[in-house]
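Novice: below is the sequence, then the predicted model.
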Amino acid sequence: MGPIVEVENVSKRFGPITALVDVTLDVPSGVIYGLLGPSGSGKTTLIRLIAGALRASTGQVRVFGRRQPSRANAARIGYMTQSAALYPDLSLRENLTFFGTLYGLNDRRLRERVETIAAEVELADRLDSPLHTFSGGMRQRASLACALLHEPDLLILDEPTVGLDPVLRRAFWERFRRLAAAGRTLIVSSHVMDEADRCDHLAFLREGRLLATGSPSELRQITDQANLEDAFLALAAGAGSLLEGGVR
Amino acid sequence: MNLRRILALATRIVHQFRRDRRTLFLLFVVPVLVLSLLAWIYRGDGASQVSLAVVNEGQSPLAAQIVTGLQQDDSLTVREMDAAAATAALDRGEVDAVLTLPADLSLRPGGPPQQIDVTLDGSDPSTTSAVMGALTRTLPETVVRAVNPAGLPIQIAPRFLHGGPEFDRLDYLAPVIIGFFVFFFVFLLTSVSFLRERSEGSIERLIVSPLGRGEIVLGYMLGFTLFAALQATVTILFAVYALRIHYVGNLGLVFLFTLLLTLGAVNLGIFLSTFARTELQVVQFIPLVIVPQALLSGILWPIDSLPEPLQWLAHALPLTYAAEALRGVMIRGDGLAALWVNLAVLAGFAVLMVVLGTSTLRRETA
């Protein structure tokens, strides 16, 4: 099977600001693909380009072989934005029902999925409470539930574990692993290096440029470092002296 | 276009406002309160009472007759006093004007006209015109009665094509108030909802979902049209049944014009919310978008009475056409044949706003 996501020489400018410079990477099917980098490195821009919320300035992004943004892809993608991005005045059930209907679930299937997904993120007892009564962690689980509701083939999660306590964070990663095992593809961004080891593939980003891609062990190997944080630092230092697109 | 998705968005908007008591209060109670207040102002007693001091210098028979005539006028309170007391009372604001009847006041047919001095405070134009109105109404009649007890030999007998002798400012204002509140609240609520959609980031979720941009606009229009129709119904029922305002029109046409105004207001809200980053900035659009329309669209003053350049401006504002149409339908019982220009202009405004609203959404994925 070919790659689910193909990013080819993509640059993105916002007026005078360049957010991404000539990024190329492939995301294979059924893996957890981590986008790692400090804040401001272009992770969110790359995620939004893949999700179809933005258009590339140059180069192209293809998902399921179709150029993004593509209406035909929309129903197969689940997208969790960095902020909860739900409707605080509505109950969790109303939020889920709204997004489920947008993604074309019929009434019966929708009722089933709302119950199932609420149980999965341990919010079954809060289904009818308005979201503004939720804590930050609950809101993040609600946001994940909305992205998972229509059982997308590709899940794009922008810093899904930010601000979560260690117990919840572990639960999130275990859920991601189960989804990947069930054949779904996940793109997860993070600025926390200790999450990098939980991914199958990694892309290191810094200042809008791709430093390197590979599995965690490959990245440790090419940099001759024992942990990924040191690997990132070595690559970042190397990029300063190397020409554009040096280490790949 | 998928009807289910559009309905899902409209339902979501209804759910969002259903539980928001403050917004519901603004939507349904405020128009009723404002109409009640206007009814009180225009129909309550005492507002037009003018207090007059009369200085009767000579006690001539004609002067006595004039005083009696003035006392019989319901809109006047007449007190006789001497010149010094009258001036002091006027200065203290206890009376609105001082009428001085000269000592030698008498009817001299063929002689030069005689003068009665009126001293006014002059600092409030509405009091000035109330005093002068009452005097010009009462004095000639009183003077004529002095010679001819039957009064003026020629009387004016008004007949009305529309309205009637009981028709007042409130009857004239109520149809426009309905249109004004629909436009104001729909514009405000749409721009704030859309702004929240952007600031909370949920617009991003909508844009990557299968929901098309046209569907977003349609869903918003459908959701807010429901609130606008409910608001118009509440306001009309209150005005017609509780305030007994003059109403001869076709309710369907009232709703048709309200609907067109709503569609324009929703999309204007979507469009202008692009230029605001906070809810405060949305509120700052009110003086720009709402106040000129309130002043110029014929709500308070007839458009014909405006200076010519302002008349052109008034004819560029959608509320002008809606106000005119709502008055035509409710007061004169006009049908579509008389109002098709208004219909076409409002439809054109709605289409223009839909295009602008949709195009701002397109820029969302720039």
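Specialist: Okay, I see it.

Novice: what about B:L3, neighbour count?
Specialist: 10 (other Cβ atoms under 10 Å in any protein chain shown). In short, each C-beta sits where N, CA and C put it, glycine included.

Novice: continuing past the longest strand anywhere in chain B, what's the next helix or strand?
Specialist: As assigned by DSSP state E, the longest strand anywhere in chain B is strand B:50-56. Once strand B:50-56 ends, the next helix or strand along the chain (criterion: DSSP states H and E) is helix B:61-72.

Novice: kindly export the very next helix or strand once past that following helix (C-alpha atoms) in CSV.
Specialist: For helix B:61-72, the succeeding helix or strand toward the C-terminus, using DSSP H and E, is strand B:76-80. Provided in CSV are the C-alpha atoms of strand B:76-80 (Å, rounded to 0.1, in the frame of the first residue of the first chain):
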residue,chain,number,x,y,z
LEU,B,76,-53.3,74.8,28.0
THR,B,77,-53.0,75.6,31.7
VAL,B,78,-53.7,79.3,32.1
ARG,B,79,-52.8,81.4,35.1
GLU,B,80,-53.5,85.1,35.4
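
Novice: what inclination does strand B:76-80 have with respect to strand B:50-56?
Specialist: Per axes from the mean of the first three to the mean of the last three Cα atoms, to 10 degrees, the angle that strand B:76-80 makes with strand B:50-56 is 30 degrees.

Novice: surely B:L339 meets B:G328?
Specialist: Yes - counting by Cβ atoms under 8 Å, B:L339 sits close enough to B:G328 to count as a contact (5.5 Å).

Novice: residue contacts, the residue nearest in space to the middle of chain A?
Specialist: The centroid of chain A falls nearest to A:L157 when counting by Cα atoms, centre = their mean (2.7 Å). Residues near A:L157 by Cβ atoms under 8 Å, 6 or more residues apart in numbering or on different chains: A:M80, A:L144, A:A147, A:F176, A:L186, A:I187, A:V188, A:S189.

Novice: what about 10 Å?
Specialist: Residues near A:L157 by Cβ atoms under 10 Å, 6 or more residues apart in numbering or on different chains: A:32, A:35, A:47, A:78-82, A:143-144, A:147-148, A:172, A:176, A:186-190.

Novice: can you tell me which of those residues are in strands?
Specialist: Within these, residues falling in strands by DSSP E are A:I32, A:L35, A:G78, A:Y79, A:M80, A:L186, A:I187, A:V188, A:S189, A:S190.

Novice: just these that are near chain B?
Specialist: For chain B, the contacts drawn from these by Cβ under 10 Å from any Cβ of the partner chain are A:G78, A:Y79, A:M80.

Novice: hmm, back to that, bridged to the residue nearest to the centre of chain A, which residues?
Specialist: A:L157 forms beta bridges with A:M80, A:V188, as assigned by DSSP bridges.

Novice: roughly how far does it sit from A:L235?
Specialist: Taking Cβ to Cβ, to the nearest Å as the measure, A:L157 falls 23 Å from A:L235.

Novice: what's the neighbour count on residue 30?
Specialist: No chain specified, so I'll use chain A. Neighbours of A:G30 under the rule other Cβ under 10 Å: 16.

Novice: let me rephrase: I mean chain B.
Specialist: When neighbours are counted by other Cβ under 10 Å, B:V30 comes out with 15.

Novice: how much space separates it from chain A?
Specialist: According to Cβ to the nearest Cβ, to the nearest Å, B:V30 stands 20 Å off from chain A.

Novice: contacts only, for that residue.
Specialist: B:F181, B:F184, B:F185, B:Q231, B:T235.

Novice: adjacent strands (with direction) for the longest strand of chain B?
Specialist: Sheet partners assigned to strand B:50-56 using DSSP bridges are listed as strand B:76-80 (parallel), strand B:97-101 (parallel).

Novice: so what's B:A8 closest to, chain neighbours aside?
Specialist: Leaving out its chain neighbours, the residue that sits closest to B:A8 by Cβ to Cβ, 6 or more residues apart in numbering or on different chains is A:T101, at 3.7 Å.

Novice: try B:H162
Specialist: Nearest non-adjacent residue to B:H162, counting by Cβ to Cβ, 6+ apart: B:R332, 4.6 Å away.

Novice: so that neighbour touches B:F167, yeah?
Specialist: No - the pair B:R332 / B:F167 is not scored as a contact, 11.3 Å apart, by Cβ atoms under 10 Å.

Novice: distance-wise, check B:L70 relative to chain A.
Specialist: On the measure of Cβ to the nearest Cβ, B:L70 and chain A end up 63 Å apart.

Novice: residues in contact with that residue?
Specialist: Contacts of B:L70 by Cβ under 10 Å, 6+ apart are B:L52, B:V54, B:L76, B:T77, B:V78, B:L99, B:A134, B:L135, B:T138, B:L139, B:T142.

Novice: same question, B:T68
Specialist: For B:T68, the contacting residues are B:V78, B:T142, B:R145, by Cβ under 10 Å, 6+ apart.

Novice: the residue nearest to B:H162: neighbour count?
Specialist: By other Cβ under 10 Å, the residues close to B:R332 number 15.

Novice: who touches it in this structure?
Specialist: By Cβ under 10 Å, 6+ apart, B:R332 lies in contact with B:L161, B:H162, B:G163, B:V248, B:G249, B:A338, B:L339.

Novice: and for the fifth one, nearest residue in space, chain neighbours not counted?
Specialist: Counting by Cβ to Cβ, 6+ apart, B:G249 lies nearest to B:V329, which is 3.8 Å off, once chain neighbours are set aside.
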